[in-house]
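Undergrad: structure of the sequence below:
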Amino acid sequence: MTEYIVVLITASKEEEAVNIAKEIVGAKLAGCVNIIKDIRSIYNWQGRMEDENEVLMIVKTRRDLFRNLAEKVKGLHSYSVPEIIALPIIEGSRGYLKWLEDETATDI
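TA: Here you go, the predicted model:
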């Protein structure tokens, strides 16, 4: 049975997020990417507390594509350590999950 995931990825600017989204959807590593602008992220980085505006990508895909998706994102991302984390989709409408299956790569 196919397992589906939601992947959260932050980026510094909307343009970067759009570029990443188009690349991963175009490569069939994701069926859909939502981009949410104007989030505020507070985190520790290299010994300092950071308080930055970012954008959030919400990526819908299959679990078996995560490793390839993460590698593609790392190659496109401006951060040296981008946030790329996956959460399981526990349930979903049959029609949507079928669409997601059809829109993601099957030969990886």
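Undergrad: C-alpha only now, for contacts and for neighbours.
TA: Noted.
Undergrad: show me where this protein has its strands.
TA: 4-11, 32-45, 48-62, 84-88 (DSSP state E).
Undergrad: how much space between I84 and Y96?
TA: According to C-alpha to C-alpha, to the nearest Å, I84 stands 23 Å off from Y96.
Undergrad: wait, which of the strands of the chain is closest to L76?
TA: strand 4-11 (10.7 Å; C-alpha to C-alpha).
Undergrad: which residue sits closest to V59, ignoring its sequence neighbours?
TA: Counting by C-alpha to C-alpha, 6 or more residues apart in numbering, V33 is the residue found nearest to V59 once chain neighbours are left out, at 4.5 Å.
Undergrad: and the one you found, how many neighbours?
TA: Using other C-alpha atoms under 10 Å, V33 is surrounded by 23 other residues.
Undergrad: which ones are touching it?
TA: V33 sits next to 21, 25, 57-60 when contact means C-alpha atoms under 8 Å, 6 or more residues apart in numbering.
Undergrad: same check on I9?
TA: 56-59, 82-85.
Undergrad: which of those residues are buried?
TA: 56-59, 83-84 (16 or more other C-alpha atoms under 10 Å).
Undergrad: can I get the residues you listed in JSON lines including pLDDT and distance to E103?
TA: Shown next, in JSON lines, are the buried ones among the contacts of I9 (pLDDT from 0 to 100; distance: C-alpha to C-alpha, whole Å):
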{"residue": "L56", "pLDDT": "98", "distance to E103": "22"}
{"residue": "M57", "pLDDT": "98", "distance to E103": "18"}
{"residue": "I58", "pLDDT": "98", "distance to E103": "16"}
{"residue": "V59", "pLDDT": "98", "distance to E103": "13"}
{"residue": "E83", "pLDDT": "97", "distance to E103": "24"}
{"residue": "I84", "pLDDT": "98", "distance to E103": "21"}
